[in-house]
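Peer 1: Prediction below, plus the sequence it came from.
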Amino acid sequence: MSEWLVYFTNLSGEKASLEEVVVLYRLRWQIELLFKLWKQAGGLEKWRSGKPYRILCEVYAKLIGVIVSHWLSLLSGWEEGERSLVKASQVVRQYGLSMVLLLPQTSNLVDLFEVIRAVIRDTCRVNKRRKYPSAYQCCLDPSLVAS
């Protein structure tokens, strides 16, 4: 094909440039990737039982895990924008057993959450890329989508 991309939008040219429209499209794709991450990392498509109520219980438990993982990611300085959800979910999974063991001890669980937040804040950054810039890089500099 001609490698054409056609974008339809109701934004006027004064409100958004072509580069900004492309960045917005890429951000929409980030939502799709978020759901994909929740499904894969959360293991929502697999279960270990054939009994409907056990499957339902397992799915609910996994959804709670996905919510806790995402919540910890958001609390770990997400306003900076350069956090990697994939890396953050890996960190939360590493501490999963510790979280379960500390459930009865809320003060220790809160301390563990602080440790997890610090690890995410310090280590879970989006890698900078030259050839294929990340959506975060394109938000900072919309001209990168043309390169």
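Peer 2: Sure, I can see it.
Peer 1: for the helix or strand bottoming out on mean pLDDT in the chain, packing partners?
Peer 2: Within the chain, confidence by mean pLDDT, DSSP states H and E is lowest for helix 135-140 among all helices and strands, at a mean of 78. Using 3 or more Cβ pairs under 8 Å, 6 or more residues apart in numbering; DSSP states H and E, the elements in contact with helix 135-140 are helix 18-41. For glycine as for every other residue, the C-beta is placed from the backbone atoms N, C-alpha and C.
Peer 1: Tell me the helix or strand right after the helix it packs on.
Peer 2: Using DSSP states H and E, the helix or strand that follows helix 18-41 in sequence is helix 52-74.
Peer 1: can you pull the contacts of Asn108?
Peer 2: Leu102 (Cβ atoms under 8 Å, 6 or more residues apart in numbering).
Peer 1: Give the buried residues for the host helix or strand of it.
Peer 2: Using DSSP H and E, Asn108 maps to helix 106-123. The neighbour-count check on helix 106-123 (16 or more other Cβ atoms under 10 Å) flags Leu109, Leu112, Phe113, Ile116, Arg117, Val119, Ile120, Arg121 as buried.
Peer 1: that older thread, got the contact list for the least confident helix or strand of the chain?
Peer 2: 22-23, 26-27, 29-30, 81-82, 126, 128-129, 144-145.
Peer 1: Flag the least confident of these.
Peer 2: pLDDT across the contacts of helix 135-140 is lowest for Gly81, at 69.
Peer 1: residues contacting the residue nearest to the spatial centre of the chain?
Peer 2: Of all residues in the chain, the one closest to the mean position by Cα atoms, centre = their mean is Leu85, 3.2 Å from it. Neighbouring residues of Leu85 by Cβ under 8 Å, 6+ apart: Leu33, Leu34, Leu37, His70, Ser73.
Peer 1: go on, Arg83?
Peer 2: Ser73, Ser76, Gly77, Ile120, Cys124, Arg125, Val126.
Peer 1: rewinding a little: of the contacts of helix 135-140, buried ones?
Peer 2: Looks like the contacts of helix 135-140 have Val22, Val23, Arg26, Glu82, Val126, Leu144, Val145 buried, using 16+ other Cβ under 10 Å.
Peer 1: Show me how to select, in PyMOL, the buried members of the contacts of Arg83.
Peer 2: Buried residues among these (16+ other Cβ under 10 Å), as a PyMOL selection:
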select buried, resi 73+76+77+120+124+126
